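Participant: Fold the following and give me the result.
(2 chains)
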Amino acid sequence: MLTATGKTKRLVLLSGKGGTGKTSLSAAFAHLACKPQYGTSVVLVDADVDAANLSLALKTEPSSPREFWGGALAEIQPGQCTGCAACVAVCRYDAVLQDVEHSPAFWIDPVACDGCAACRYACPQGAIRMVPQLEGHWFQSATPFGALFHAELFPGKENSGKLVTLVKQQARLWAEEAHIPLAIIDGPPGIGCTVISACAGADLGLILTEPGLAGLHDLKRVLGVLHHFRIPAAVCINKADLYPQGSRDIREYAAEQSLAVFGEIPFDEHIPQAMLLGLPITSAFPKSPSARAIRQIWEKSLQELYSLKEMLS
Amino acid sequence: MQIAVASGKGGVGKTTIAASLALSLAGEHAVCFLDCDVEAPNGHLYLNPVFDRQTPAVIKIPQIQAERCSSCGKCVEVCQFHALAKVGRSILVFAQLCHGCGSCTWNCPEGAISEIPNPIGSLEAGQTKEGIHFAQGVLTISEPMPTPVIRQLKRWSQASEDAVTILDAPPGASCSVVETLRGSDYALLVTEPTPFGLHDLKQALGIAREMDIPAGVVINRDGVRDSRMDWFLSQNKLPIMMRIPFSKTLAAGIAAGKPLIEIWPEYQPRFRNMFRQIAESIAKGKPC
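Facilitator: Predicted structure coming up:
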């Protein structure tokens, strides 16, 4: 039985390559955590804010959106621009545009603008102002397995790493107040700012990969990120039997790196079916081969997070 | 002509589609392949280029000349990204937060700031045996910003105007996807008929619409028809350019690094046909 003995532990699921099954695995972990034999409670975080799907994998109750204000973008006041082009000279993002046929005045392409404000300082007329941008929403929603903190970045916006940090912070405050011992963070693909934000402060980074050249290539890259930030890492393999040679290659690489392999999930048609039902695989089809494998991976993750030494102390 | 292959959701087959499209066209057109998924670039695994050029992707970061700095703090004030901080009388630079915009350099009243290149990744280019001009960006591990690498890759690769350039976009729907799609004539959106695929397709489509780029959809791992997907596509008048059924043989072949059209050669004419449709819809969209 797990109880909160202080800090909430953070388990982050990553993959490097997209579409390996992080969200389905996160949903299953959320369900398993609440089973009586594990008797823990969790807070859930969807850190893939520009393609957020964890709420779809759980019977999530709708909740009211809260605003996420990211950076500010430059805007030229039409009446004040004399067309001197000082802004064009300083912009490194090709964001200052001119429609010479209609007016000498410039305007700023909000899609290209990086929000650096160089133009605002360069404009001799003081015609440019920085306008704060509503870049998305975040939510605290109820699921059958605990609170879910998630967000929707508006399409094409910046500051996704900042939004990940925001939802993680909100989840942490909630978990501390409610004495919740474990946070499960469904991470984004890749290795950039959102991944760095998602794995900051994690106690364990579980990499879900799939057999094949691309899966292994990207596993190496995301493992590099976890090593860089000194986060303990482990790996598990999804659809392991689709390309057995690939799974052997992953195991071989893991052995070289002294990286624990927590398990292999077989290819299983039950997983997309569970997704269509909006249920975790372990609750929709508990006896399916993938559910069995996931329970084993879950138990190994718990053992890693709450080492025997710690439980005795 | 620039065709960007994007998706929203990761792992739906962007690289599979982009690589097979490039290979299908290689005999007929000058083809350029840009792997813009700089966080997890996988195009090279399927196209096997021989790299012969490489250059670092850099961000110009400020370097403060202490003997000139008066500690006025103007640079800290103008930086929108908190990449500079004043501690006591000295100015600290946080390279990983710097966007390289140059604002601090220009605004320093003492002229005490110069810019030095900070490498955050590399750009690599070469040819494939089919004659495809291949270029990729690779973000260095632990560096947070993929977007400048993509921007530099697009400038550096210098595809000729009459070539067909295929851009393999990163997953998601944030600024890195915008940077990939900038200047593209067409967005080919790959999805799968699942609730996750549909949700993320909407995000990616949102970008294409905002940027006024015509779009079409490839449905990968097609199986049981998902009525919600079909309904969404018809509501938004999104053409279905190709459907690829789910197959374990195909999945295993792709995992082993084989391009789709090598596993299923009958798809080569379908890719060529899809390209003709894309070219027609680009031509229609542009007033001449």
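
Participant: C-alpha only now, for contacts and for neighbours.
Facilitator: OK.

Participant: give me the number of residues near residue 163?
Facilitator: No chain in the question, so chain A it is. A total of 28 residues lie near A:L163 under the criterion other CA atoms under 10 Å in any protein chain shown.

Participant: The intended chain is chain B.
Facilitator: By other CA under 10 Å, neighbour count at B:A163 equals 14.

Participant: how about the helices of the stretch 151-300 of chain A, start to end?
Facilitator: For the stretch 151-300 of chain A, helices defined by DSSP state H, counting those that start in this stretch occupy the ranges A:160-177, A:193-199, A:213-228, A:244-256, A:270-277, A:281-284, A:289-305.

Participant: do chain B as well
Facilitator: B:14-25, B:43-47, B:74-78, B:103-107, B:147-157, B:175-181, B:195-210, B:227-235, B:248-255, B:260-263, B:267-285 (DSSP state H).

Participant: Likewise for the stretch 1-150 of chain A?
Facilitator: Using DSSP H, counting those that start in this stretch, helices in the stretch 1-150 of chain A cover A:22-33, A:54-57, A:86-90, A:118-122.

Participant: Now residue 76: closest residue in space that isn't a chain neighbour?
Facilitator: Assuming you mean chain A. Excluding the flanking residues, the one nearest A:I76 by CA to CA, 6 or more residues apart in numbering or on different chains is A:I128, at 4.5 Å.

Participant: other chain: chain B
Facilitator: B:L84 (5.2 Å).

Participant: So the one you found is in contact with B:L92, correct?
Facilitator: Yes. Contact criterion CA atoms under 8 Å: B:L84 and B:L92 qualify, at 5.6 Å.

Participant: Who has more neighbours out of these two?
Facilitator: Taking other CA under 10 Å, B:L84 and B:L92 do not tie; B:L84 has more neighbours (22 against 15).

Participant: Tell me what the more buried one is bridged to.
Facilitator: Beta-bridge partners for B:L84, by DSSP bridges, are B:V93.

Participant: How about the contacts made by it?
Facilitator: Going by CA atoms under 8 Å, 6 or more residues apart in numbering or on different chains, B:L84 touches B:C75, B:V76, B:I91, B:L92, B:V93, B:F94.

Participant: same deal with A:T23?
Facilitator: A:N53, A:L54, A:A57, A:D186.

Participant: Report the entries of the residues you listed that also contact chain B.
Facilitator: A:N53 (CA under 8 Å from any CA of the partner chain).

Participant: Identify the farthest-apart pair in the contacts of A:T23.
Facilitator: A:A57 and A:D186 (11.7 Å; CA to CA).

Participant: who has more neighbours, these two?
Facilitator: A:D186 (27 against 23).

Participant: doesn't A:A51 make contact with that one?
Facilitator: No. Counting by CA under 8 Å, A:D186 does not reach A:A51; the two are 11.3 Å apart.

Participant: does any part of stretch B:175-191 sit near chain A?
Facilitator: Yes. Using CA under 8 Å from any CA, stretch B:175-191 comes into contact with chain A via B:C175, B:S176, B:V177, B:V178.

Participant: Would you mind giving these as CSV with distance to B:T15 added?
Facilitator: As requested, these are exported to CSV (distance: CA to CA, whole Å):
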residue, distance to B:T15
B:C175, 19
B:S176, 16
B:V177, 14
B:V178, 18
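
Participant: any idea which of those has the most stuff around it?
Facilitator: B:V177 (30 neighbours).

Participant: about what we covered before: next, format the helices of the stretch 1-150 of chain A as CSV and append distance to A:Q169 and mean pLDDT.
Facilitator: Formatted as CSV, these follow (distance: least, CA to CA, whole Å; pLDDT from 0 to 100):
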stretch, distance to A:Q169, mean pLDDT
helix A:22-33, 19, 97
helix A:54-57, 18, 96
helix A:86-90, 36, 96
helix A:118-122, 31, 97
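
Participant: got the buried residues for the least confident helix or strand in chain B by mean pLDDT?
Facilitator: The helix or strand of chain B with the lowest confidence, counting by mean pLDDT, DSSP states H and E, is helix B:227-235 at a mean of 92. For helix B:227-235, the neighbour count (16 or more other CA atoms under 10 Å in any protein chain shown) marks B:M229, B:L233 as buried.

Participant: Return the member of the contacts of A:T23 nearest to A:Q98.
Facilitator: Of the contacts of A:T23, the one sitting nearest to A:Q98 (CA to CA) turns out to be A:N53, at 39.9 Å.

Participant: Now do the same contact list for the residue lying closest to the closest one once chain neighbours are set aside.
Facilitator: Of all residues not flanking A:N53 in the chain, B:F196 sits nearest, at 5.8 Å (CA to CA, 6+ apart). Residues near B:F196 by CA under 8 Å, 6+ apart: A:N53, A:L56, B:K9.

Participant: can you pull the pLDDT of B:F196?
Facilitator: Note for B:F196: predicted pLDDT of 95.

Participant: follow-up on the earlier one: name the member of the contacts of B:L84 with the most neighbours.
Facilitator: B:C75 (23 neighbours).

Participant: can you pull the contacts of that residue?
Facilitator: B:L84, B:S103, B:C104, B:T105, B:N107, B:C108.

Participant: Where does pLDDT dip in the stretch 51-200 of chain B?
Facilitator: Scanning the stretch 51-200 of chain B for pLDDT under 70 picks out no residues.

Participant: how does it look with 80?
Facilitator: For the stretch 51-200 of chain B, the stretches with pLDDT under 80 are B:158-160.

Participant: what's around B:R68, how many residues?
Facilitator: Counted with other CA under 10 Å, B:R68 comes out at 11.

Participant: Ok, A:K7 next?
Facilitator: 13.

Participant: just B:S70 next, same as before
Facilitator: Count around B:S70 with other CA under 10 Å applied: 16.

Participant: Domain-wise, how is chain B divided?
Facilitator: Taking automatic domain parsing as the criterion, chain B consists of the domains B:2-48+B:129-285, B:58-119.

Participant: residues in contact with the residue nearest to A:I76?
Facilitator: A:A74, A:E75, A:I76, A:Q77, A:C119, A:R120.

Participant: let's see 6 Å
Facilitator: By CA atoms under 6 Å, 6 or more residues apart in numbering or on different chains, the contact list for A:I128 reads A:E75, A:I76, A:R120.

Participant: What distance do you get for the last one to chain B?
Facilitator: So the one you mean is A:R120. Going from A:R120 to chain B by CA to the nearest CA, to the nearest Å gives 10 Å.

Participant: Just give the closest residue to that residue, not the sequence neighbours.
Facilitator: Per CA to CA, 6+ apart, closest to A:R120 is A:I128, 5.0 Å.

Participant: Pull up the gap between that neighbour and B:I207, please.
Facilitator: A:I128 is 26 Å from B:I207, where distance means CA to CA, to the nearest Å.

Participant: Do I have it right that A:A291 meets A:P280?
Facilitator: No. The criterion here is CA atoms under 6 Å, and A:A291 misses it with A:P280 at 9.1 Å.

Participant: Compare the two (neighbour count), which wins?
Facilitator: Under the criterion of other CA under 10 Å, the comparison of A:A291 against A:P280 puts A:P280 first, with 27 against 24.

Participant: For the more buried one, which non-adjacent residue is closest in space?
Facilitator: In space, and not counting its chain neighbours, A:P280 is closest to A:A28: 4.8 Å by CA to CA, 6+ apart.

Participant: Isn't the one you found up against A:L279?
Facilitator: No. Using CA under 6 Å, A:A28 makes no contact with A:L279, being 8.5 Å away.
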